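Visitor: Just to be clear, the model below is a prediction. Sequence and coordinates:
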Amino acid sequence: MQYSVGVEYALHCLVYLIPNESKIGIKELAFFQGIPETYLSKIFTKLAKAGIISSVPGVKGGFKLARDPDEISFWDVVEAVEGKEPIFQCQNIKDKGYLYRNRDCSDCTVSTSSCSINLVMLEAEEAMQNILRSKKLSWLEEELDRVLPAQTRKDTRAFFAKDDSIKESD
């Protein structure tokens, strides 16, 4: 199992939207992250569709959080970027095996048992989802303040607070 790097980019970009009163454009976010604007636009389209961010049109427009950072969980972001399909896709292999393959179940009174493998996988996925639901964007903001040098955080905020356009020569 592997989530796309889009989840990580989304979480980083969402943190940048927290302290800013102004809106931040895709161009600035993509430049800061070092990724193509078109790629980030696709991620932001998904985040907007999920109600995590909203776009503000106009010259001074961009994106802003649509909800409070305490209300946006890591799982919300994962689900927005990756979709709602379960990680494990049970193929019901047991019922395709030799013992069940040619069985006529038109008159069966008891259905075959649930797949134990699927039940364990779903239980594990639910545990992971619960952990991701417990981590909010506000927690990430506090954690970055704790683990990153204060100057890095200050420089990041200053970068996005700029009113002038990005200078490619920086």
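Guide: Thanks, I have it. Numbers count the residues shown, from 1 in each chain.
Visitor: Would you mind listing the buried residues in the helix ranked longest in the chain?
Guide: When the chain is parsed with DSSP state H, its longest helix is helix 116-134. Across helix 116-134, burial judged by 16 or more other Cβ atoms under 10 Å covers 118, 121, 129, 132. For glycine as for every other residue, the C-beta is placed from the backbone atoms N, C-alpha and C.
Visitor: Now residue 64: which helix or strand?
Guide: Secondary structure assignment for residue 64, by DSSP states H and E: strand 62-65.
Visitor: can you give me how far that strand is from the chain middle?
Guide: 16 Å (Cα atoms, centre = their mean, to the nearest Å).
Visitor: how about the CA coordinates for that strand, as CSV?
Guide: Presented in CSV, the C-alpha positions along strand 62-65 are these (Å, rounded to 0.1, in the frame of the first residue of the first chain):
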residue,chain,number,x,y,z
GLY,A,62,-6.0,32.3,-4.5
PHE,A,63,-6.9,29.6,-2.1
LYS,A,64,-7.9,29.6,1.6
LEU,A,65,-9.0,26.9,4.0
